[in-house]
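J.: Here is a sequence with its predicted model. Questions after.
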2 protein chains.
Amino acid sequence: MTNLAKELTDMLEALGSHGKDPAGGVSRFLYTKEWIDAQRYLEKEMLDEGLDVHFDEIGNLFGTLKGSKYPNETILSGSHVDTVGNGGYYDGQFGIVAAFIAIKHLKAKYGQPLRNIEVVSMAEEEGSRFPYSFWGSKNIVGIAKNDDVKDITDFDGVPFVEAMRNAGFDFRDDTKGMREDLKAFVEIHNEQGNVLEAEEKSVGVVHSIVGQRRFNIEISGQANHAGTTPMGYRKDTVFATSQMVSEIITAARKHGDPLVATVGKIDVTPNVVNVVPGNTLFTLDIRHTEKDALVQFTEEVNEILNRLAKEHQVGLTIDMWMDEDPVPMDKNIVDLMIKQCDENGLNYKLMHSGAGHDSQIFAPKIPTAMIFVPSRDGISHNPAEYTEPADLAEGVKALMGALYELAYKE
Amino acid sequence: MTNLAKELTDMLEALGSHGKDPAGGVSRFLYTKEWIDAQRYLEKEMLDEGLDVHFDEIGNLFGTLKGSKYPNETILSGSHVDTVGNGGYYDGQFGIVAAFIAIKHLKAKYGQPLRNIEVVSMAEEEGSRFPYSFWGSKNIVGIAKNDDVKDITDFDGVPFVEAMRNAGFDFRDDTKGMREDLKAFVEIHNEQGNVLEAEEKSVGVVHSIVGQRRFNIEISGQANHAGTTPMGYRKDTVFATSQMVSEIITAARKHGDPLVATVGKIDVTPNVVNVVPGNTLFTLDIRHTEKDALVQFTEEVNEILNRLAKEHQVGLTIDMWMDEDPVPMDKNIVDLMIKQCDENGLNYKLMHSGAGHDSQIFAPKIPTAMIFVPSRDGISHNPAEYTEPADLAEGVKALMGALYELAYKE
């Protein structure tokens, strides 16, 4: 293992020790003792490295390497410190560790940058403890509204506000906008998919984050005795659903990458072996990097559903309960990352992100980009999450290249 | 309403009052207080009618109108007195009430028969309280094994044996065979399907009870992130299942009546909107009146499943956990029922039964036949179960015709 790879895995392990779950992996929820311990550990590392360190009101942690020429311009890098329940060692925390180590190496190699480089350990992204996601990044860019969380509670009934205050933090003044010094954000994250692994690449340069639409589709027919109801007298919602799902997924495959369509959930009523099912509900999740493609595929899905509902003489309700637009990354940063990857001989691939990340919160506000490292077997949100140390190091080299371009060059 | 129709509905109501469920319908489980009350009510009615009344060891209730010429030959008619939870007023209890009233009217009209006619209120058929079905009829024909129930308990943990003894009954000597005087069994039952209603018939003469095969089919693929896994990298078990179900049901429809095929239950794992489902289990229930057709369709199903599992590169396990052969009704009784229906101008249809009944337990032992009356909207096992009083009366006329042929003629 190279020194850089070892440095990364050692620090991931140290950070991952805060919230290590006896049931496996890391469970580190917003404002818990484990979360505070993790932030304190990072604070100490940053102080030891000589960075200017501060928490913001709500608990995002920042460590700054001051710039010599443009002290009011900051290049930010990092990710979220919270995890899902029984999460892995990479999701979120690798983005923090990588930014910290990148800054350390850049400082050692190139000295003081022209602009500030700042590592951020963001308070929250996953929405695992409270029913709210992106609390960290939304506060940084000034779009978090205190009203959105003031009445929510966690799975044990603990109010958000109480948890926040007990951890030593409080609301920011949410009438204020974002910090004016932030000029760019670069996040490194594990891919959470298997594209890099399958194509044997070490680094992904992300050009955009997909938009998502999610639907609940309910088919209503007639519950009947499975023995006494001839096929011709049935309104079988599982039969109707089977043809709908088959056609939708087939259409998505025909459409081709980067479109993905997933029917992840099916709830049949009454769901017993000897009753023709009178009601079936299924979900559909579609994602694409282009909004037009999402709109067009939605129309295709509607056509399929309506045609088959008519054919099967079943009732149909379609509820689109999520509609998030795709988020393109900043073209300039993407171009300079590609340049740096080429110059440094990195084994990279230009790709999109199929999952949501803090970067999508930053991108509408400041130039933003992302780097991926591979996920073994595409696994994430699981103790089995893993990235080869050599790939972690390659990812950090790509990150260093980007930060160098952004902070050390005029 | 005719007198006969009124007599039937009054007695159904009286019997249905024992076990009337505040949540709707009738809940009358084996050996409960409600069950005992119902049997005692019937016992009194039979005694009042001057029948010879007795319970057997396990709690089947019999009322006999003695024959003049062949006192050792008995024509049996009746059904089961237990219900499912929140069952209707017709399933089971109509068969008892109809047999009782048929005997009463035959006696009034024709006097003493040549052979005994006996009404039976059977202890149990549904398997609703204990995990055992046909306890009543299986004891009558001598195939119930005491060992099969001696260790089972109900949903509250009450042992079968304790419930039986507390109700005043006990095991029969299960080394003994069936009564030798039983020469035929005729059961009348509500159809529990919508064929008679759809075809506007009042009476169904059943020529056979379908055989059934039930399968658990498990598809194993790979759980993946719904956003980060391109379509080409997926082993999507819901997609595979959708095509399997679609092809199986389409093949069954093409095969035509009386084949029915039902996928009543689907369990997806992990069953969340944003995960490509790594595992899907579904059930298949197929029924037909001919064993050959069941065997042939099973082969067809196997071909479909194996071909699609290979195409989708998913794992497949097929578990056939029920395999019951079709049961033909006695041709002689069917023929004489048809003759009677024709002579009496009844609006009948020759048909099969898609559901299981006590008759299938009797049929391999003694000549057996069944009569159906319509079920409104095909509904059964539900408080909404209903048959028009006029159709109840038509059914009883068909039953009287059959009993007359069997008990009053040489």
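T.: The structure has been received and is ready for your questions. Numbers count the residues shown, from 1 in each chain, chains lettered A, B, ... in the order given.

J.: Burial check on the residue lying closest to residue A:167 once chain neighbours are set aside, number of neighbours?
T.: Distances taken as CB to CB, 6 or more residues apart in numbering or on different chains put residue A:31 closest to residue A:167, at 4.0 Å, once the chain neighbours are dropped. Backbone N, C-alpha and C define where each C-beta goes, glycine included. Counted with other CB atoms under 10 Å in any protein chain shown, residues neighbouring residue A:31 total 27.

J.: Pull up the gap between residue A:31 and chain B, please.
T.: Per CB to the nearest CB, to the nearest Å, residue A:31 is found 25 Å from chain B.

J.: How much space separates that residue from residue A:160?
T.: 8 Å (CB to CB, to the nearest Å).

J.: Over to the closest residue to chain B within the stretch 251-400 of chain A: give its phi and psi.
T.: Using CB to the nearest CB, the closest approach of the stretch 251-400 of chain A to chain B is made by residue A:354 at 3.3 Å. Backbone torsions for residue A:354, taken as degrees, to the nearest 10, come to phi -90, psi -10.

J.: That one and residue A:258 touch, don't they?
T.: Yes: in terms of CB atoms under 8 Å, residue A:354 counts as a neighbour of residue A:258; the distance is 7.5 Å.

J.: List the residues that are in contact with both of the two.
T.: The contact sets of residue A:354 and residue A:258 overlap at A:210, A:287, B:230 (CB atoms under 8 Å, 6 or more residues apart in numbering or on different chains).

J.: contacting residues around residue A:35?
T.: Contacts of residue A:35 (CB under 8 Å, 6+ apart): A:18-19, A:28-29, A:81-82, A:167.

J.: Can you tell me which helices and strands the lowest-mean-pLDDT helix or strand in chain A packs against?
T.: Sorting the helices and strands of chain A by mean pLDDT, DSSP states H and E puts strand A:224-225 at the bottom, at a mean of 88. Packed against strand A:224-225 by the contact rule (3 or more CB pairs under 8 Å, 6 or more residues apart in numbering or on different chains; DSSP states H and E) you find strand A:275-276.

J.: The strand it packs on pairs with which strands?
T.: As defined by DSSP bridges, the strand partners of strand A:275-276 come to strand A:224-225 (antiparallel).

J.: Please identify the helix or strand for residue A:218.
T.: Following DSSP states H and E, the helix or strand that holds residue A:218 is strand A:211-220.

J.: actually residue A:361, not the one I typed
T.: Short version: residue A:361 belongs to helix A:359-362, going by DSSP H and E.

J.: Find me the pLDDT at residue A:223, would you?
T.: Predicted confidence (pLDDT) at residue A:223: the value is 89.

J.: for the one 10 residues further on, same thing?
T.: If you check residue A:233, the pLDDT there is 92.

J.: residues near it, how many?
T.: 17.

J.: Can you verify my assumption that it contacts residue B:194?
T.: Yes: counting by CB under 8 Å, residue A:233 does reach residue B:194; the two are 5.6 Å apart.

J.: which residues do these two both contact?
T.: In contact with both residue A:233 and residue B:194: A:224, B:378, using CB under 8 Å, 6+ apart.

J.: Now do the same contact list for the closest residue in space to residue A:28 that isn't next to it in sequence.
T.: Nearest residue to residue A:28 in three dimensions, chain neighbours excluded: residue A:19, at 3.2 Å (CB to CB, 6+ apart). By CB under 8 Å, 6+ apart, the contact list for residue A:19 reads A:26-28, A:32, A:34-35, A:37-38, A:83.

J.: can we see that at 10 Å?
T.: A:25-29, A:32-35, A:37-38, A:81-83, A:87, A:93 (CB atoms under 10 Å, 6 or more residues apart in numbering or on different chains).

J.: now swap in residue A:230 and tell me
T.: Contacts of residue A:230 (CB under 10 Å, 6+ apart): A:224, B:193-195, B:198, B:253, B:256-260, B:354.

J.: Can you read off the backbone torsions of residue A:364?
T.: According to degrees, to the nearest 10, residue A:364 has phi -70, psi -10.

J.: Does it touch residue A:138 like I think?
T.: No: checked against CB atoms under 10 Å, the pair residue A:364 and residue A:138 is beyond contact range at 11.5 Å.

J.: What ranges does the stretch 1-150 of chain A have for its strands?
T.: A:52-55, A:61-65, A:70-80, A:115-122 (DSSP state E, counting those that start in this stretch).
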